[in-house]
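Trainee: Provided below for reference: sequence and predicted model.
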Amino acid sequence: KEWSREERYRVLKSKEEIVDVHKRNAASVYRQSYHIQPVSGLSSDPNGFIYHKGIWHLFYQWTPWGAVHGLKYWYHVTSTDLVHWKNEGIGLAPDCDYDNKGCHSGSGFAYGDDMYLFYTGNHRDENWVRTPYTCVAQYTPEGLKKMPSPLFGPRDDYAEHQRDPKVVYVKEKDMYFIFIGAMSEDKRGTTLIYKSSSLLEGWSFAGELKVPGYEYFGGMWECPCIANIDGKDVFVFSPQYTTLEGRGNSTNHNVYLVGKMDYDTLTFTPETDYRYLDYGFDFYAAQMAANVNDDKKAIMITWIGLPDNHYPTEEEDYEGSMTIARELRLKGNRIVQSPVKAIEQLREECDEEEGKLSKAMEMLVDFNEGDASLHLFTKENGEGGFTIDYNANTKTITVDKSHMDKRFNEHVFETLDVPLDEDLKNMRIFIDSSSVEIFINDGLYTFTAHVYPTEKECGYTHSDNVSVSRYKLKASVKD
Ligand code: FRU
């Protein structure tokens, strides 16, 4: 379907208008059962991820009408355990002049008893010229109260791409800082930093973030996010408009640096080269939330999807999903990811016969020495599938989705490698109706992808040196 601008930017006036599309979407065989997904239409970036007064709040970029990027809302979901999620309705709606063409991405901030959402007001004038504003709204149980005017507008010595505010408080300086993803006039990807001694006013431009070695790295850094984990600073961002080693033809990436952030010189000094936050086909715009009562870890949720890519459920007028919530810890200067512990509550005995997958399941896989293979979603004769093959000589895992019946984004990549620094030992795999998330070697590497198996693609095979145990997983996200 071709969407006109009018259709993509149509304002949602009442819930009734999307009842039909929601019903159709909810009836899809690819509807996820324990992953957050759009109530209707499209979900993309996670936004405003925050723990406040005993509740985890998450919002996602949302186009209500169909699988298309258009007028963006923040749709709100909540949880007490990061596993069972409840739909709460619209969080932020683009109903002001300064956000007339969308409430774009941003972050949440808890301030005493109050909770604030910082976002990008995507304003466009009648000639479709864009002005991105950095805006704030207060969350109250009665709804969101937007401040009457934005905190600040864009800088005119940078390109129009200035968005996705991440707010942090730096105790030693008793100062608030906002990181804004940006593109310079000469099309370098970068981050702009603003500061203020008060959260809701007095913001001024402090300067460009300096990251030695990353002066020329992609053309736009979307969704910058910074968190302190176990005494080190972790900077996560999504560079665009460049290909990167080992990532096929993709020009959308999600990487991290571990190092030290100096708020006097606005310099982030990385300890090592950048690493991919995930090695899979569909992973972007990660957002971290500081963990409550444990500064040794952060929690991360990410969009399973990529900008400019297309997915088979577009035919059914929806697309997008969030990853499961993951705990991030550091091992030296590497991030280690694990599913939040509470996800184990979803486990049920797996009564599927050996060699058969169920639509929502967890697999625990151990690898013995040597080359190995694990093929998921194979046909009855064991062929086809989403193939995972390990070469013990080169210590490389190769994932190939080109044998699946439903192929998509073939021009971007259908096969990717995960180069390991050590032998392959184990995988923990989470399968839902249209996604797979793989935690490799206790989470030192992860691989996340959309996959749309047909009815016949429900088997799995593996080499003799691989052992698999399985759980079925109960549903935990209501439609
Ligand atoms: C990333 C992004 C953000 C922007 C939002 C709009 O996917 O492009 O930079 O705020 O999506 O939906």
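Mentor: Yes, it's here. It should be emphasised that the depicted structure is a prediction, and the values quoted were computed from it without experimental measurement. Numbers count the residues shown, from 1 in each chain.
Trainee: which residues touch stretch 334-343?
Mentor: For stretch 334-343, contacts defined as CB atoms under 8 Å, 6 or more residues apart in numbering pick out 34, 81-83, 234, 256, 258, 275, 277, 299-300, 324-330, 362, 428, 430, 437, 439, 442-444, 446, 473. Any C-beta I mention is one placed from the backbone N, CA and C, and that applies to glycine too.
Trainee: go again using 7 Å as the cut-off
Mentor: For stretch 334-343, contacts defined as CB atoms under 7 Å, 6 or more residues apart in numbering pick out 81-83, 234, 256, 299, 324-329, 430, 439, 442-444, 446.
Trainee: Buried among the residues you listed? Need that as a selection in PyMOL.
Mentor: A single PyMOL command selects the buried members of those (16 or more other CB atoms under 10 Å):
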select buried, resi 82+83+234+256+299+324+325+326+327+328+329+430+439+443+444+446
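Trainee: what sits against residue 107?
Mentor: Residue 107 makes contact with 48, 118, 165, 166, 167, according to CB under 7 Å, 6+ apart.
Trainee: Enumerate the residues of the stretch 51-200 of the chain near the ligand.
Mentor: 61, 72, 104, 105, 120, 163, 164 (CB under 6 Å from any ligand atom).
Trainee: who touches stretch 73-93?
Mentor: With CB under 7 Å, 6+ apart, stretch 73-93 has contacts from 36, 39, 47-48, 54-60, 62, 64, 94, 103, 117, 119, 137, 144, 299, 325, 340, 342-343, 345-346, 476-478.
Trainee: Please list only the buried members of the residues you listed.
Mentor: For the contacts of stretch 73-93, buried by 16+ other CB under 10 Å: 36, 39, 47-48, 56-60, 62, 64, 94, 103, 117, 119, 137, 144, 299, 325, 340, 343, 346, 476-477.
Trainee: gap between the residue nearest the centre of the chain and the ligand?
Mentor: Centroid-nearest residue in the chain, with CA atoms, centre = their mean: residue 302, separated by 1.8 Å. In this view, residue 302 and the ligand are 11 Å apart by CB to the nearest ligand atom, to the nearest Å.
Trainee: Quickly find the element holding that residue.
Mentor: Residue 302 is part of strand 298-303 when elements are defined by DSSP states H and E.
Trainee: Residues contacting that strand, please?
Mentor: Outside strand 298-303, the residues touching it (CB under 7 Å, 6+ apart) are 44-46, 49, 58, 82, 227, 229, 283-291, 320, 322-323, 325-328, 340.
Trainee: partners of the very next helix or strand once past that strand in the sheet?
Mentor: Remark: after strand 298-303, the chain's next helix or strand is strand 318-319, criterion DSSP H and E. Strand pairing for strand 318-319, determined by DSSP bridges: strand 41-52 (parallel).
Trainee: Next secondary structure after the partner strand?
Mentor: Next along the chain after strand 41-52, taking DSSP H and E as the criterion, comes strand 55-63.
Trainee: how many degrees apart are that following strand and strand 298-303 in direction?
Mentor: Strand 55-63 and strand 298-303 are oriented at 20 degrees to each other (axes from the mean of the first three to the mean of the last three CA atoms, to 10 degrees).
Trainee: for the record, mean pLDDT for strand 55-63?
Mentor: Strand 55-63 carries an average pLDDT of 97.
Trainee: Can you list which of the contacts of stretch 334-343 are found in strands?
Mentor: 234, 256, 299, 326, 327, 328, 329, 430, 439, 446 (DSSP state E).
Trainee: which of those lies closest to the ligand?
Mentor: The ligand has its nearest neighbour among these in residue 256, at 16.5 Å by CB to the nearest ligand atom.
Trainee: Flag every buried residue along stretch 197-209.
Mentor: For stretch 197-209, the buried set under the neighbour-count rule, 16+ other CB under 10 Å, comprises 199, 203, 206, 208, 209.
Trainee: how about the residues you listed in CSV, adding secondary structure and pLDDT?
Mentor: Listed next are the buried residues of stretch 197-209 as CSV, based on DSSP: H, G, I helix; E, B strand; the rest coil; pLDDT from 0 to 100:
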residue, secondary structure, pLDDT
199, coil, 97
203, coil, 98
206, strand, 98
208, strand, 98
209, coil, 98
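Trainee: Those into CSV, with extra columns for distance to residue 243?
Mentor: Output for those, formatted as CSV (distance: CB to CB, whole Å):
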residue, distance to residue 243
199, 39
203, 35
206, 32
208, 24
209, 23
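Trainee: Neighbours of residue 7, how many?
Mentor: Residue 7 has 14 neighbours, counted by other CB atoms under 10 Å.
Trainee: what's near enough to touch it?
Mentor: Residue 7 makes contacts with residue 65, as judged by CB under 7 Å, 6+ apart.
Trainee: Same check on the one 5 residues further on?
Mentor: For residue 12, the contact set (CB under 7 Å, 6+ apart) comprises 18, 64.
Trainee: The same query, at a cut-off of 8 Å, please.
Mentor: 18, 64, 65, 73, 90, 93.
Trainee: Likewise for residue 320?
Mentor: Residue 320 neighbours (CB under 8 Å, 6+ apart): 37, 38, 42, 43, 44, 60, 67, 303, 304, 305, 311.
Trainee: Thought residue 221 was touching residue 285, still the case?
Mentor: No - in this structure, residue 285 is not within contact of residue 221 by CB atoms under 8 Å, at 11.1 Å.
Trainee: Next, show the common contact partners of those two.
Mentor: Shared contacts of residue 285 and residue 221 (CB under 8 Å, 6+ apart): residue 238.
Trainee: before we move on, back to that, any chance of the ones in strands among the contacts of stretch 334-343 in a markdown table with distance to the ligand and pLDDT as columns?
Mentor: As requested, those are exported to a markdown table (distance: CB to the nearest ligand atom, whole Å; pLDDT from 0 to 100):
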| residue | distance to the ligand | pLDDT |
| --- | --- | --- |
| 234 | 19 | 97 |
| 256 | 17 | 98 |
| 299 | 20 | 97 |
| 326 | 19 | 98 |
| 327 | 23 | 97 |
| 328 | 20 | 98 |
| 329 | 26 | 97 |
| 430 | 23 | 98 |
| 439 | 24 | 99 |
| 446 | 19 | 98 |
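Trainee: of all those residues, which two lie farthest apart?
Mentor: Greatest spatial distance among the ones in strands among the contacts of stretch 334-343 (CB to CB): 234 and 430, at 22.9 Å.
Trainee: do you know how far residue 197 is from residue 308?
Mentor: For residue 197, the distance to residue 308 equals 40 Å [CB to CB, to the nearest Å].
Trainee: Which is the succeeding secondary structure element to whichever strand or helix holds residue 164?
Mentor: Residue 164 belongs to strand 158-170 when assigned by DSSP H and E. Moving toward the C-terminus from strand 158-170, the next helix or strand (DSSP H and E) is strand 175-184.
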